[in-house]
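1. Just to be clear, the model below is a prediction. Sequence and coordinates:
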Amino acid sequence: MKDPNDIQFDDIPSNAEEMAAWERKFGNGAGGDNTPVGGVDNRFEQTEEQCFKPEGAEMDEAMKEKVIEQLKTIYDPELPVDIYNLGLVYDIDCWKNPASGLDGCKVVMTLTSATCSMSEVIVDLVRSIPKRMEGLQCLDVELVFDPPWSQEKMSDEAKLAMGML
């Protein structure tokens, strides 16, 4: 994006200024209010209440692949690598809700550091994935720091981009 004032609904913000512009313009993606993306104020401790895996829900591998594609578009603002190849995503569980027919997902992820200055932006971008995907009703993010992230979790593609190969 060049100008945060020209931000479009399907743009993926890459820094705090663009994220703030997206939230001002689109709010939570519904009523245009100023609720933060993800719908929660304390983004690290509260889960999305409507995003739970119901009994009898079937795994949805196709949706998991689509979520992975979206995760690969979210870059750590301080590094030239997306968060998926950086190894920040530990687990993705996607399911089809038997009642609604829509999908839900849970992403278990970490950050390169518990004191990451861009942590809120990164987590908000992951939580905003359902706003950009058809058929995905909700996505819950669980942020963990155990096991801690290390360079061994990076893909070869990420190591190459960082000049480590």
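-> Great, that's in hand.
2. how about the strands in this protein?
-> With strands called from DSSP state E, the chain shows them at 58-59, 89-96, 103-109, 136-143.
3. Show me what the last one is packed against.
-> Spelled out, that is strand 136-143. helix 61-71, strand 103-109, helix 119-127, helix 129-132 (3 or more C-beta pairs under 8 Å, 6 or more residues apart in numbering; DSSP states H and E). Quick note: C-beta positions are derived from backbone N, CA and C, even for glycine.
4. Enumerate the positions of stretch 89-102 that are buried.
-> Applying a neighbour-count criterion of 16 or more other C-beta atoms under 10 Å, one finds 89, 92-97 buried in stretch 89-102.
5. First-to-last residue distance for that stretch?
-> By C-alpha to C-alpha, to the nearest Å, the extent of stretch 89-102 from end to end equals 23 Å.
6. same check, this time on stretch 99-112
-> 38 Å.
7. Give me the spatial nearest neighbour of residue 100, chain neighbours excluded.
-> What sits nearest to residue 100 in space, not counting adjacent residues and going by C-beta to C-beta, 6 or more residues apart in numbering, is residue 137, at 6.5 Å.
8. For residue 152, see how far away that neighbour is.
-> 34 Å (C-beta to C-beta, to the nearest Å).
9. what does residue 110 give?
-> For residue 110, the distance to residue 152 - C-beta to C-beta - is 13 Å.
10. more neighbours, those two?
-> Shown here are residue 110 and residue 152; by other C-beta atoms under 10 Å, residue 110 has more neighbours (22 against 7).
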